[in-house]
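[1] using only what follows, build the 3D model:
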Amino acid sequence: MKHLLQRKNVLTSLLLICVTFSLAHAQNKKPIKGPTIKGYGPVFAVKDRAKKLPQNFQYKVVFDVLSSAKDPQQLNRRLESIARFINMLTINQVPLKNIHIAAVFHGKATSNLLKNSVYHARFNTDNPNINLLHQLNQNGVEFYVCGQSVAFPGFKKSDLIYPQSLALSAMTTFVILQQQGYQLLPD
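    Numbering: from 1, shown residues only. You can find the predicted model right below:
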């Protein structure tokens, strides 16, 4: 009986050590900010997932970018989500040529696409989104900005970082993109 109790105590101790090590190891894991959109879009590699991503699948996604950070010095969390989506796919060997992303800006998020000088004049701070916007654009993300949301607050096409992104409206852009096979991820 004494032998069984000692053996139980050893097994309990080993189990406690394993659980402690696992918890400590899990807490030390940090998300990766990259590999494609560097410094943004933190993701975790999920190695033990049940389903693998389909080979040669074309990801056609339109992100609804409606809201902006409450603090004009803060990065728009929705832009961070776009970076996360790209990083999540590329960390899992999805080639960029299979990732087709459109970001439709409207409402308060329209200000995220303002040139720094215009943004600074309006909010008395630099546009914190510019670096991330440039990285997203360089990695194939297409921007569309609602012309109605530009006109109502009195912005002009020349105020935009990407003036070629001006569209008639967010509503018409969503209809067109969805008919082209893009899946809507609402804000």
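
[2] just give me the neighbour total for Gln93.
    Neighbourhood size, Gln93 [other CB atoms under 10 Å]: 9. Heads up, the C-betas are built off the backbone N, CA and C, glycines and all.

[3] need the phi and psi values for it.
    Backbone torsions of Gln93, given as degrees, to the nearest 10, read phi 60, psi 20.

[4] what residues are up against it?
    Leu53 (CB atoms under 8 Å, 6 or more residues apart in numbering).

[5] and the most centrally placed residue in the chain, how close does it get to Ser67?
    Nearest to the geometric centre of the chain sits Ser81, at 1.9 Å (CA atoms, centre = their mean). Separation of Ser81 from Ser67 (CB to CB, to the nearest Å) stands at 11 Å.

[6] and the helices in this protein, which stretches?
    In the chain, the helices defined using DSSP state H lie at 2-28, 77-90, 116-123, 130-138, 147-151, 170-179.

[7] which parts of the chain belong to which domain?
    2-29, 42-185 (automatic domain parsing).

[8] tabulate those (JSON lines), appending mean pLDDT.
    Below are these laid out as JSON lines (pLDDT from 0 to 100):
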{"stretch": "domain 2-29", "mean pLDDT": "42"}
{"stretch": "domain 42-185", "mean pLDDT": "95"}
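
[9] would you list the ones you listed in a markdown table and tack on distance to Thr36?
    Output for the domains of the chain, formatted as a markdown table (distance: least, CB to CB, whole Å):
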| stretch | distance to Thr36 |
| --- | --- |
| domain 2-29 | 20 |
| domain 42-185 | 4 |
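
[10] Pro35 is nearest to which of these?
    domain 42-185 (5.9 Å; CB to CB).

[11] who's in contact with the residue nearest to Ala83 when sequence neighbours are not counted?
    Spatially, and ignoring its direct neighbours in sequence, Ala83 is nearest to Gly41 (2.8 Å; CB to CB, 6 or more residues apart in numbering). By CB under 8 Å, 6+ apart, the residues touching Gly41 are Lys33, Gly34, Glu80, Ser81, Ile82, Ala83, Arg84, Phe85, Ile86, Asn87, Met88.
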